[in-house]
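Participant: Next one to model:
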Amino acid sequence: MRLNALRQTKQPGLYEVRRHIKALVDAQVLSDYNDLLSTYRDTITPEGDE
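Facilitator: Here you go, the predicted model:
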């Protein structure tokens, strides 16, 4: 099942979140997820490669 939750914008690498996802996810959830992704990125990125 595809939800088509994201739509790519005209700018490369940027996406629009569709309305049905916006209704389920608030700013706090996005902030927590961003923190989790940052932690994950920091664990897989070797020192000095940033």
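
Participant: how deep is Thr39 tucked in, by neighbour count?
Facilitator: 9 (other Cβ atoms under 10 Å). Yep, even glycine has a C-beta here, placed from its N, CA and C like the rest.

Participant: Where does it sit: helix, strand or coil?
Facilitator: helix (DSSP: H, G, I helix; E, B strand; the rest coil).

Participant: Asp32 versus that one, what's the distance?
Facilitator: 11 Å (Cβ to Cβ, to the nearest Å).

Participant: Ok, Val17 next?
Facilitator: Applying Cβ to Cβ, the value for Val17 to Asp32 is 16 Å.

Participant: Could you tell me which residues make contact with Leu14?
Facilitator: Gln8 (Cβ atoms under 8 Å, 6 or more residues apart in numbering).

Participant: Quick check, pLDDT for it.
Facilitator: Looking at Leu14, its pLDDT reads 89.

Participant: could you measure it against Gln8, distance?
Facilitator: From Leu14 to Gln8 the distance is 7 Å (Cβ to Cβ).

Participant: list the contacts for the residue nearest to Gln8 when sequence neighbours are not counted?
Facilitator: Nearest residue to Gln8, sequence neighbours excluded (Cβ to Cβ, 6 or more residues apart in numbering): Tyr15, at 5.6 Å. With contact taken as Cβ under 8 Å, 6+ apart, Tyr15 is in contact with Leu6, Arg7, Gln8, Thr9.

Participant: And the helices in this structure, which stretches?
Facilitator: Along the chain, counting by DSSP state H, helices occupy 19-22, 27-44.

Participant: could you dump those to TSV with mean pLDDT?
Facilitator: Formatted as TSV, the helices of the chain follow (pLDDT from 0 to 100):
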stretch	mean pLDDT
helix 19-22	68
helix 27-44	89
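
Participant: nearest to Val25, of the contacts of Tyr15?
Facilitator: Comparing the contacts of Tyr15 against Val25 with Cβ to Cβ places Leu6 closest, at 12.3 Å.

Participant: who's that closest one bridged to?
Facilitator: When bridges are called by DSSP bridges, Leu6 pairs up with Val17.

Participant: What is the neighbour count of it?
Facilitator: Around Leu6 there are 11 residues (other Cβ under 10 Å).
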